[in-house]
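**Student:** Pasting the sequence and the predicted model now:
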Amino acid sequence: MSADDERGTEAAPGAARRGPTWVILAVVAAALLVCCCSAVIGLAVSWSAGLFGGR
């Protein structure tokens, strides 16, 4: 019986790196969502203020 068997740490080699990868992707996705939503809100405010009028 090996030391890993006794501790119960029989994980796949890439399993330890899988968690942080999903965290990074979630943070990037959240940042893109916030950026896109703020851009849409800014465009809506500009349009409602009449800044896109061709006068």
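**Tutor:** Perfect, I can see it now.
**Student:** Can you show me the helices along the chain?
**Tutor:** With helices called from DSSP state H, the chain shows them at 3-7, 15-48.
**Student:** what's the least confident stretch among the ones you listed?
**Tutor:** Comparing mean pLDDT across those, the weakest is helix 3-7, with a mean of 57.
**Student:** which of the helices of the chain sits most buried?
**Tutor:** Comparing these by mean neighbour count (mean count of other Cβ atoms under 10 Å), helix 15-48 ranks first with a mean of 10. In short, each C-beta sits where N, CA and C put it, glycine included.
**Student:** May I have the phi/psi pair for residue 52?
**Tutor:** When read as degrees, to the nearest 10, the backbone of residue 52 gives phi -100, psi 10.
**Student:** Pull stretch 21-36 out as PDB, backbone CA atoms only.
**Tutor:** Below are the C-alpha coordinates for stretch 21-36, written out as PDB (Å, rounded to 0.1, in the frame of the first residue of the first chain):
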ATOM      1  CA  THR A  21      -8.900  27.300 -14.500                       C
ATOM      2  CA  TRP A  22     -12.700  27.400 -14.100                       C
ATOM      3  CA  VAL A  23     -12.300  30.300 -11.500                       C
ATOM      4  CA  ILE A  24     -10.200  32.300 -14.000                       C
ATOM      5  CA  LEU A  25     -12.700  31.700 -16.800                       C
ATOM      6  CA  ALA A  26     -15.600  32.700 -14.500                       C
ATOM      7  CA  VAL A  27     -13.900  35.900 -13.600                       C
ATOM      8  CA  VAL A  28     -13.100  36.800 -17.200                       C
ATOM      9  CA  ALA A  29     -16.700  36.000 -18.200                       C
ATOM     10  CA  ALA A  30     -18.000  38.200 -15.400                       C
ATOM     11  CA  ALA A  31     -15.700  41.000 -16.400                       C
ATOM     12  CA  LEU A  32     -16.900  40.800 -20.000                       C
ATOM     13  CA  LEU A  33     -20.500  40.800 -18.900                       C
ATOM     14  CA  VAL A  34     -20.000  43.900 -16.700                       C
ATOM     15  CA  CYS A  35     -18.100  45.700 -19.500                       C
ATOM     16  CA  CYS A  36     -20.800  44.900 -22.100                       C
END
